[in-house]
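Q: Make a model of this:
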Amino acid sequence: MIKDEKLKHLKGRLNNVTEEVVLNMLDDLLQREEFKDICKDEDCLLDMASYALNRLPAKYVATSKGEVFSKTEGLEQQHSVDLLSVVTRAIKVVSENDHNNND
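A: Numbers count the residues shown, from 1 in each chain. Have a look, this model is predicted:
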């Protein structure tokens, strides 16, 4: 049985690289002119990230070497196209349904 303290330590060492990649891509895309009027408050950003992350495979790493390998793998062209497509869709879906439009 894993003790609570050790479990917390293990959770802290795991890193979902997909989260970082999605958040960075979201930040880059939202700076584009075509998305200038999109809601960028914390709730909208979390909804966009959640939408995308629920549609992409998680890539967990536990070491810096694993993280470097995973990021390199993430640069493959098809993977990047898939990420771009999912994150762009997340922006559009959330912007069409964001809380600011429901006044």
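Q: my read: Val21 touches Val86, true?
A: No - in this structure, Val21 is not within contact of Val86 by CB atoms under 8 Å, at 10.8 Å. Heads up, the C-betas are built off the backbone N, CA and C, glycines and all.
Q: Neighbour count: the two, which is higher?
A: Val21 (22 against 17; other CB atoms under 10 Å).
Q: which parts of whatever helix or strand Ser50 lives in are buried?
A: Using DSSP states H and E, Ser50 maps to helix 42-53. Using 16 or more other CB atoms under 10 Å as the test for burial, helix 42-53 gives 44-45, 47-49, 51-53.
Q: now, among the residues you listed, which is nearest to Asp27?
A: Nearest to Asp27 among those is Leu45, at 8.9 Å by CB to CB.
Q: Please identify which helix or strand holds the closest residue in space to the closest one that isn't next to it in sequence.
A: Spatially, and ignoring its direct neighbours in sequence, Leu45 is nearest to Leu26 (7.0 Å; CB to CB, 6 or more residues apart in numbering). Using DSSP H and E, Leu26 sits in helix 17-30.
Q: what's the offset of that helix from the middle of its chain?
A: Its chain's C-alpha centre and that of helix 17-30 lie 5 Å apart, by CA atoms, centre = their mean, to the nearest Å.
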